[in-house]
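# heads up, no residue letters with this:
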């Protein structure tokens, strides 16, 4: 299938991931503001992100591979599963999809009469002041590298031709759910530069610039983690072939 068609599928899939994942967190927070109800809570948000991946894995997995994430694309390149020449187009369209979803989410949130845009709106990722648990930069960086590396390791294993490919989407979606359960308190969970870029950019364009000053971490750490996992997983494939 042409690269542009696969890239468009990636854009739609990443749009869905950000709208479903960030939307569940942001809309629940607004709905529950001023009440004692915790709404869907951490568990609900974690499952929302996982479900977006599961649903898109079966919707576009056969079209584009369902990366939905620049770190996944880079990890698959490092693991020898994807063309480096095609990676920039995938990453561009993933980021466009995430930005589009963030704009739509803000438009929906503004429909609530009491909504006030803040530095931590739109389920933005961050450290320090923007960390849900006020964790520092180094902690956030380590968490994002490790969580992304484990995510890519699971993706590479679940999609290995020696594995059970028909269940890969479920395994990957559940992995993302678990990752959110672990790391939401630290960085609000990125492991996905496009997912971080959408909310940060939309906030910046609406007068809240703190998240965009921290965005570098949510590109650097996931890309490093993804590349590490790709290189490490190739060792298992090399050993198997000997």
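Now that the structure is in, tell me what you want to look at. This is a predicted model, so every value here is computed, not measured.

# helices and strands of the chain: which one has the lowest mean pLDDT?
helix 217-241 (a mean of 89; mean pLDDT, DSSP states H and E).

# buried ones in it?
For helix 217-241, a neighbour-count test (16 or more other C-beta atoms under 10 Å) marks 217-219, 221-230, 233 as buried. Where C-beta positions appear, they are placed from N, C-alpha and C, glycine not excepted.

# what is the nearest of the residues you listed to residue 105?
residue 218 (17.5 Å; C-beta to C-beta).

# which residues touch the closest one?
Going by C-beta atoms under 8 Å, 6 or more residues apart in numbering, residue 218 touches 125, 144, 187, 190, 193, 196-197, 200.

# ok, back up a step: just the buried residues of helix 217-241 now: which is nearest residue 153?
Closest to residue 153, out of all of the buried residues of helix 217-241 and judged by C-beta to C-beta, is residue 229, at 4.5 Å.

# in space, what's closest to residue 53 - neighbours in sequence excluded?
Excluding the flanking residues, the one nearest residue 53 by C-beta to C-beta, 6 or more residues apart in numbering is residue 173, at 4.3 Å.

# the one helix or strand that neighbour maps to vs helix 217-241, what angle?
Using DSSP states H and E, residue 173 sits in helix 168-187. On the basis of axes from the mean of the first three to the mean of the last three C-alpha atoms, to 10 degrees, helix 168-187 is oriented at 140 degrees to helix 217-241.

# about what we covered before: from residue 216, how far off is the residue nearest to residue 53?
Look at residue 173 and residue 216: by C-beta to C-beta, to the nearest Å, they are 28 Å apart.
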